[in-house]
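the following comprises the amino acid sequence and a computationally predicted model.
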Amino acid sequence: MEPISRRHALILGGLGTVSIVAGGAGLFWTENTGFVPSAAQRFTEPMALRSVNGALQLKLTAAEGPAQIAGRHATALTYNGGLPGPTLIIRPGDRLKISVDNQLKQPTNLHVHGLHVSPDGNSDNVFVSIDPGSSFDYEYQLPPDHPPGVYWYHPHHHGLAATQVFGGLYGAIIVEDATPIPISRDRVLVISDITLDGSGTIPAASAMDRMVGREGKLMLVNGQVSPQLSARPGERERWRIINACAARYLRLRLDGQQLQLLGIDSGRFPQPQDVTEVVLAPGNRADLLVTGVAGTASFQTLPFDRGAAMGMMDGTRPSSTTVNLATFIVAGPPATPAAVPTQPQPRDLRNSTVDDRRELTFAMGMGASGMSMGSGGNMMGFTIDGKEFDPARIDTIVRGGTIEEWTLTNTSPMDHPVHLHVWPMQIVERAGAAVNSVLWQDVVNVPAMSSIRVRIAFDDFTGKTVYHCHILDHEDGGMMGIVNAA
């Protein structure tokens, strides 16, 4: 199947009807790695840790060692020995305390992706560096009106983020709704990819991997390959889906089933949206209702055209393979579907006064970052406004409590998913066309050679944090800037 054109995809939402039908898939292998996953397994989820009396406290040990991946013994990076790490379930207004113990051979840190919390001190401070053998105590205070939804955590040490996330360091965070949504079942699906050799270890990334953004040869759902899920006809499940891939885009389909999208990232739609597919850039999350229809369905990711970098002489393009992620078996006596929930009305900045406007330009070029394109020895740089990341430089200064409009312009031949920490973004314009719905995300895909316009309310917190491309190899290569809210 040919990759879907970005002109015909409703990026990061997948709203409406798409008539493309996927063929059979299963695992995919671009080369023989020697690692053989086990047969399909029953769907399982990571251990869940839930807050009690407004608080959740835990220890996360980051280490390289034995792990169960695809039903086999392997060596990977894990939190508390699991891949993914434990799921953290909290509520608005809660206090979350995480002690990170670094047993890796390199420094690390922790980012609570999408949470609207302070970027300072021992909160969501990406400038913290935890040395090997050391630990650091994080503490996050969620506001009482924090948006419910699905979030995640992962390392964010500059220069090492791609290697550590690709290696297995990630886990889900769920912020519960004030009023529970009526469903038959709640599931967490952390989707990731990894490459393992015949000995079950992760090979070093190539120069091409670092230039394009590494995509693993093995697709995982909660560390499993093609697990089986089951439900009765009419049961309505809630699937919290996280794209924890370092670079891969997910174009998700579950043909034959009824799908309704509650929202992307921390954003909720005014009403649940009927969808046939959902596209998630790296770092995006989907909050999806699935109502079972009798039969067996394949949960798949289909090809998505995210562009190609200069120097890809073999014609290969990333995110270009159909993969069967899981099998959904719906059988048994019918159940009565739960009521479709009433959505909270999202904030809308389209008619708000804008205090400042600015443009950020994301580019790929030659000769800046020291990343080899191949045997020719050419070098590739990743920049924002012509500059690579410098931890000593403040790139953008904003005033706390103001609303800004940012134009995100991509001059490169590849898509760049742009992530802003702490403050979500409302998308107001795509490729010159106004967005006629309320659409909030913290990762916004900017297609190649195009622009996206967003509005941001810099509320509640001050301090220094970052915005960057969430193709993590591009972030590590320099496509990141520092914003200071004063």
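Perfect, thanks for sending it.

show me what residue 417 is bridged to.
For residue 417, the beta-bridge partners under DSSP bridges are residue 445.

contacting residues for it?
By Cβ atoms under 8 Å, 6 or more residues apart in numbering, the residues touching residue 417 are 281, 282, 283, 284, 443, 444, 445, 446, 469, 470, 471. The way it works is simple: take the backbone N, C-alpha and C, and place the C-beta from them, glycine included.

kindly reformat those residues as CSV containing neighbour count, pLDDT and secondary structure.
Shown next, in CSV, are those (neighbours: other Cβ atoms under 10 Å; pLDDT from 0 to 100; DSSP: H, G, I helix; E, B strand; the rest coil):
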residue, neighbour count, pLDDT, secondary structure
281, 30, 98, coil
282, 27, 98, coil
283, 27, 98, coil
284, 27, 98, coil
443, 24, 98, strand
444, 29, 98, strand
445, 28, 98, strand
446, 25, 98, strand
469, 32, 98, strand
470, 27, 98, coil
471, 30, 97, coil
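
with respect to residue 459, which of those is nearest?
residue 444 (18.3 Å; Cβ to Cβ).

test my guess that that closest one contacts residue 426.
No. Using Cβ atoms under 8 Å, residue 444 is not in contact with residue 426, being 9.6 Å away.

hang on, the earlier thing: got the contacts of residue 417 as a markdown table, with distance to residue 478 columns?
As requested, the contacts of residue 417 are exported to a markdown table (distance: Cβ to Cβ, whole Å):
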| residue | distance to residue 478 |
| --- | --- |
| 281 | 19 |
| 282 | 17 |
| 283 | 18 |
| 284 | 22 |
| 443 | 19 |
| 444 | 20 |
| 445 | 20 |
| 446 | 17 |
| 469 | 10 |
| 470 | 14 |
| 471 | 12 |
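
of these, just say which sits nearest to residue 401.
Distances from residue 401 to the contacts of residue 417, taken by Cβ to Cβ, are shortest for residue 444, at 22.2 Å.

in the protein, where is pLDDT below threshold?
1-33, 39-40, 310-317, 366-379 (pLDDT under 70).

from residue 208, how far off is the residue nearest to the spatial centre of the chain?
Nearest residue to the geometric centre of the chain (Cα atoms, centre = their mean): residue 283, 1.6 Å. Distance, residue 283 to residue 208, using Cβ to Cβ, to the nearest Å: 22 Å.

so residue 238 versus residue 219, what's the distance?
22 Å.

looking at these two, which is more packed in?
Using other Cβ atoms under 10 Å, the more surrounded residue of residue 238 and residue 219 is residue 219, with 28 against 21.

pairing partners for that one in the sheet, please.
residue 193.

that one contacts residue 190, doesn't it?
No. Assessed by Cβ under 8 Å, residue 219 is found out of contact with residue 190, at 11.7 Å.

now the residue with the largest distance to the centre of the chain. Nearest residue, chain neighbours left out?
Centroid-distance maximum for the chain: residue 333 at 36.1 Å, with Cα atoms, centre = their mean. Nearest non-adjacent residue to residue 333, counting by Cβ to Cβ, 6 or more residues apart in numbering: residue 232, 6.4 Å away.

isn't the residue nearest to the centre of the chain up against residue 470?
Yes. If you go by Cβ under 8 Å, residue 283 and residue 470 touch, sitting 4.0 Å apart.

what residues do those two have in common as contacts?
By Cβ under 8 Å, 6+ apart, the residues touching both residue 283 and residue 470 are 417, 419, 443.

just the closest of those residues to residue 390, please.
residue 419 (18.6 Å).

ok, now which ones touch that closest one?
113, 283, 442, 443, 444, 467, 468, 469, 470.

right, and the fourth one touches residue 267 too?
What that stands for is residue 443. No. Residue 443 lies out of contact with residue 267 (Cβ under 8 Å); the separation is 10.8 Å.

can you pull the contacts of the residue nearest to the centre of the chain?
113, 243, 417, 419, 442, 443, 470.

which strand residues bridge residue 463?
Applying DSSP bridges, one finds that residue 463 bridges with residue 485.
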